[in-house]
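**Student:** Below is the structure, and that's it, no one-letter string:
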Ligand SMILES: [Fe+2]
Ligand SMILES: [Fe+2]
């Protein structure tokens with residue numbers, strides 16, 4: 001058994017000072033239908049997905065404690081706390097989308113697939129979590145790095161998405177450290193990553209298309225132009241994602257080989273007034 005040390009960085013569970021009960025426009029991202037609905041589609045995946053991640057990682061907490069790895073045990077608790085607060089706010093977010101009349105197709109699909117994996121080995125569920133956490137970390141890094149990804153968001157939504165991005169970066173290695181600590185293998189890690197790369201992108205695309213169709217925006221040129229720019233333009237998501245996606249296949253890949261602590265520190269300094277720390281580990 002490996003006794004991989006926990007990642008050498010701060011993690012904080014924060015209470016974000018925003019009020020989603022006031023609601024928001026469906027096209028809150030600069031009035032751009034595509035750039036709003038693609039984030040809304042992601043939001044519909046979080047409450048169910050993040051509960052799965054919490055359960056998958058926390059399952060191994062007793063084993064990590066038995067190994068005497070107190071730092072990783074603490075990280076697992078903070079990881080669970082951060083994901084639980086994300087679930088809570090994104091549920092409020094999604095409740096508003098439902099009130100606006102959108103259908104949470106992707107949430108139901110995710111629930112069905114997770115039900116199918118209920119009897120899968122815990123390490124298999126952890127490998128799924130490691131894969132998804134790599135995607136949330138690389139998207140989080142992009143949101144903190146590229147001003148163009150968030151500059152047209154309303155202040156409330158920008159605060160929410162950047163807070164989530166920062167915490168995904170803070171805890172990006174916890175699932176991976178747990179996987180290594182309990183002897184998770186390379187083949188399962190990368191094969192599930194390939195599967196999830198396909199599944200995740202297809203699900204987000206379908207949910208986004210369903211929401212755009214409801215808006216009457218699915219077949220508009222402006223929507224497709226925006227999508228092309230979002231994925232393939234300057235600072236496009238595809239260009240940002242590709243090197244991080246490839247890095248995952250390195251046999252000794254670790255999320256902190258990509259050091260984005262300076263980005264995190266910038267976010268902490270600029271946003272200290274938007275949150276209250278609930279628990280932390282320096
Ligand atoms: Fe999260
Ligand atoms: Fe996460």
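**Tutor:** That came in fine, so what should we check first? Keep in mind the model is a prediction, meaning the values are calculated, not measured. Ligands and ions are numbered 1, 2, ... in the order given.
**Student:** nearest residue to residue 208 other than its sequence neighbours?
**Tutor:** Among residues not flanking residue 208 along the chain, residue 41 sits closest, at 4.4 Å (C-beta to C-beta, 6 or more residues apart in numbering). Bear in mind the C-beta positions are built from the backbone N, C-alpha and C, glycine included.
**Student:** Return the set of residues that bridge with residue 16.
**Tutor:** Beta-bridge partners of residue 16, counted by DSSP bridges, are residue 275.
**Student:** Just give the number of residues close to it.
**Tutor:** Counted with other C-beta atoms under 10 Å, the neighbours of residue 16 add up to 21.
**Student:** cool, residue 246 as well?
**Tutor:** Residues near residue 246, counting by other C-beta under 10 Å: 10.
**Student:** Can you tell me which helices and strands whatever helix or strand it lives in packs against?
**Tutor:** Assigned by DSSP states H and E, residue 246 belongs to helix 237-247. Helix 237-247 is packed against helix 122-145, helix 221-232, with contacts defined by 3 or more C-beta pairs under 8 Å, 6 or more residues apart in numbering; DSSP states H and E.
**Student:** closest to ligand 1 out of those helices?
**Tutor:** helix 122-145 (6.0 Å; C-beta to the ion).
**Student:** and that closest one, is it in reach of ligand 1?
**Tutor:** No - judged by C-beta under 5 Å from the ion, helix 122-145 stays clear of ligand 1, getting no closer than 6.0 Å.
**Student:** Return the distance of that helix from the chain's centre.
**Tutor:** Helix 122-145 has its C-alpha centroid displaced from the chain centroid by 6 Å (C-alpha atoms, centre = their mean, to the nearest Å).
**Student:** For the stretch 151-282 of the chain, give me the ranges with low pLDDT.
**Tutor:** In the predicted model, the stretch 151-282 of the chain carries pLDDT under 70 at residues 281-282.
**Student:** what does the stretch 51-200 of the chain have sitting close to ligand 1?
**Tutor:** 83, 86.
**Student:** on that earlier part again, quick one: which helix or strand includes the residue nearest to residue 208?
**Tutor:** helix 33-58.
**Student:** Also compute the angle for that helix relative to helix 221-232, please.
**Tutor:** Here helix 33-58 points in a direction 40 degrees away from that of helix 221-232 (axes from the mean of the first three to the mean of the last three C-alpha atoms, to 10 degrees).
**Student:** List the buried residues for helix 33-58?
**Tutor:** 33-50, 52-54, 56-58 (16 or more other C-beta atoms under 10 Å).
**Student:** Report the inter-axis angle for it versus helix 237-247.
**Tutor:** Going by the same axes, to 10 degrees, helix 33-58 makes 20 degrees with helix 237-247.
**Student:** quick one, what contacts the residue lying closest to residue 184 once chain neighbours are set aside?
**Tutor:** Spatial nearest neighbour of residue 184, chain neighbours left out: residue 123 (5.4 Å); criterion: C-beta to C-beta, 6+ apart. Contacts for residue 123 (C-beta atoms under 8 Å, 6 or more residues apart in numbering) come out as 179, 182-184, 188.
**Student:** coming back round to it: now the helix holding residue 41 and helix 122-145, what's the angle there?
**Tutor:** Helix 33-58 and helix 122-145 are oriented at 140 degrees to each other (the same axes, to 10 degrees).
**Student:** Helix 33-58 near ligand 2 at all?
**Tutor:** No - against ligand 2, helix 33-58 shows no contacts by C-beta under 5 Å from the ion, the least distance being 5.9 Å.
**Student:** Just give the number of residues close to the residue lying closest to residue 55 once chain neighbours are set aside.
**Tutor:** Excluding its sequence neighbours, the residue lying closest to residue 55 (C-beta to C-beta, 6+ apart) is residue 125, at 7.5 Å. Counted by other C-beta under 10 Å, the residues lying close to residue 125 total 20.
**Student:** Please look at residue 125 and residue 57 and confirm they touch.
**Tutor:** No - if you go by C-beta atoms under 8 Å, residue 125 and residue 57 don't touch, sitting 9.1 Å apart.
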